[in-house]
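Chemist: This is a predicted model, with the sequence first.
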Amino acid sequence: MSIAQVLHVSGGPEVGTTQPPETVKMTEATKALDGCEHIYSMANTQTGEGMAVIVWRDEAALKAAADHIAADNEALQDLLKMSIEPGPVYDSFMEL
C-alpha cells in the first residue's frame, strides 16, 4: 500500500521562477530512490505557502529514505532560506 508524506513549505524562490540547478538535482535524486512513486508540489502564489507530497511504495521505502529527505530539507533551508516542516503521513488516499 502506498504512503503519502506531506512536507509544509514556506519562503524560498518566488513561485513560477526557474528552479536553481541544486534543487533540480535534489529532486531527481529523490525520484531515483527505491520506492519513490510520485512527487507533487503545490503553492499559493498569494501567500508563498506551499506543500510537497511524496508518494512512497510502502512504509519501508519511506523509512529507508528518511535520512536522504532530512538532509535535502536541511540543504534547501540553507540554500534557499526556505522553511520545511514535516507534516502528516497518510496511508489511505485516492484519485477522484
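Modeler: Received it, and whenever you're ready, just let me know what you need.
Chemist: now the strands for the protein?
Modeler: 3-11, 36-43, 49-56, 82-90 (DSSP state E).
Chemist: Please give me every residue in contact with residue 2.
Modeler: By C-beta atoms under 8 Å, 6 or more residues apart in numbering, residue 2 lies in contact with 37, 55-58, 93. Backbone N, C-alpha and C define where each C-beta goes, glycine included.
Chemist: nearest to residue 69, of the residues you listed?
Modeler: residue 56 (10.1 Å; C-beta to C-beta).
Chemist: Okay, buried residues for stretch 52-67 please.
Modeler: 52-56, 61-62, 65 (16 or more other C-beta atoms under 10 Å).
Chemist: Could you save those residues as CSV and add columns showing distance to residue 75 and pLDDT?
Modeler: Formatted as CSV, the buried residues of stretch 52-67 follow (distance: C-beta to C-beta, whole Å; pLDDT from 0 to 100):
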residue, distance to residue 75, pLDDT
52, 14, 93
53, 20, 97
54, 16, 97
55, 22, 97
56, 20, 97
61, 21, 97
62, 19, 96
65, 15, 96
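Chemist: which two in those residues are spaced the farthest apart?
Modeler: 52 and 61 (16.2 Å).
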